[in-house]
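Undergrad: No letters, just coordinates:
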């Protein structure tokens, strides 16, 4: 491979590292092609990119990005999962895949300038999806104004009930 081609590959990976919200480093050693393709398909459905390259490419591409924090982990057969939208999706998919395939290992990750160990990645995978979290937030946000409107509406209703009771009492007398 020529030097120009290598530089293009490194620049492409650097661009992907800098644009991604989360980078998770995995060890795919021991997986056959069928299992790797299954993993790629699942990740692609969730808009997660799975990139395999030489460790030297990953190390050079990580310079100047958040992924530089994990450059010491680029050893052995390495691949990275990159998500540009939802950081929970790759964590969930990779954790599920690692649970059903013993040969597949999650090494480390990086998100928002912080290193994520295996425990942090598992905790992240337990979070609900972005859509569910946004739905919960919306229901909480709409609940407060609704309760306020009900409380404000309750005062005139009670006043009307009191006035109606007084009217009925005077009519009875």
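TA: Thanks, I have it. Predicted model only: the values in this text are computed from it and were never measured.
Undergrad: domain assignment for this protein?
TA: 3-127, 136-173 (automatic domain parsing).
Undergrad: tell me the most buried of these?
TA: Each of the domains of the chain was given a mean neighbour count from mean count of other C-beta atoms under 10 Å, and the largest, a mean of 17, is that of domain 3-127. Yep, even glycine has a C-beta here, placed from its N, CA and C like the rest.
Undergrad: want to try CSV for the domains of the chain, with mean pLDDT as columns?
TA: CSV is the format used below for the domains of the chain (pLDDT from 0 to 100):
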stretch, mean pLDDT
domain 3-127, 90
domain 136-173, 83
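Undergrad: show me the contacts for residue 85.
TA: Going by C-beta atoms under 8 Å, 6 or more residues apart in numbering, residue 85 touches 21, 47, 130.
Undergrad: Name the nearest of those residues relative to residue 74.
TA: Set against residue 74, the nearest of the contacts of residue 85 by C-beta to C-beta is residue 21 (19.7 Å).
Undergrad: Is that closest one in contact with residue 109, as I believe?
TA: No: look at residue 21 against residue 109 with C-beta atoms under 8 Å: they stay out of range, at 10.9 Å.
Undergrad: what helix or strand is the residue nearest to residue 12 when sequence neighbours are not counted on?
TA: Distances taken as C-beta to C-beta, 6 or more residues apart in numbering put residue 61 closest to residue 12, at 7.9 Å, once the chain neighbours are dropped. Assigned by DSSP states H and E, residue 61 belongs to helix 55-62.
Undergrad: can you list contacts of that helix?
TA: 6, 9-14, 16-17, 67-68, 70-71, 74-76, 78, 80.
Undergrad: No further queries at this time; thank you.
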